[in-house]
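> with the sequence up front, the predicted model follows.
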Amino acid sequence: MDQYTIAIAFDEETQRWYAINNDIPIAFEDGSLDALMSRIKTTVPEVLEINNKPCKDVSLLFKVEAQAVLA
């Protein structure tokens, strides 16, 4: 089984979530974390296939990084 780690971060200035993985390769953004993760899950197999990489038995590990400023 191939496993890919998807780095996800929130940009406070733009209020957008970003996802990046150079091995697949993908770069997505969305205003909602749930929508972003759903989009990644449906798109990754297609991107892998286009790039001639195995797309069966793929495991995605989401590494979410967020920072908050507390007043």
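It's in.
> got the contact list for the helix or strand of the chain with the lowest mean pLDDT?
Every helix and strand of the chain was ranked by mean pLDDT, DSSP states H and E. The lowest is strand 58-65, at a mean of 91. Identification of contacts with strand 58-65 by Cβ atoms under 8 Å, 6 or more residues apart in numbering yields 1-10, 33, 37, 40-41, 44-45, 48. All C-beta atoms are positioned from the backbone trio N, CA, C, and that covers glycine.
> stretch 39-47 now?
Contacts of stretch 39-47 (Cβ under 8 Å, 6+ apart): 4, 6, 19, 24-26, 28, 30, 55, 58, 60, 62.
> what's the farthest-apart pair in those residues?
D30 and C55 (22.1 Å; Cβ to Cβ).
> quick check: the most centrally placed residue in the chain vs D11, distance?
In the chain, the centroid-proximal residue (Cα atoms, centre = their mean) is A19; its distance is 3.8 Å. Going from A19 to D11 by Cβ to Cβ, to the nearest Å gives 12 Å.
> just read off the phi/psi values of the residue nearest to the centre of the chain.
Backbone geometry at A19, expressed as degrees, to the nearest 10, gives phi -130, psi 130.
> if I look at it, how far off is K63?
For A19 relative to K63 (Cβ to Cβ), the value is 10 Å.
> next: E49.
24 Å.
> one more: F28?
Distance, F28 to K63, using Cβ to Cβ: 14 Å.
> between these two, point out the one with more neighbours.
Legend: neighbour count by other Cβ atoms under 10 Å for F28 and K63, higher for F28 (18 against 11).
> what about the more buried one, which SS state?
Three-state assignment for F28 (DSSP: H, G, I helix; E, B strand; the rest coil): strand.
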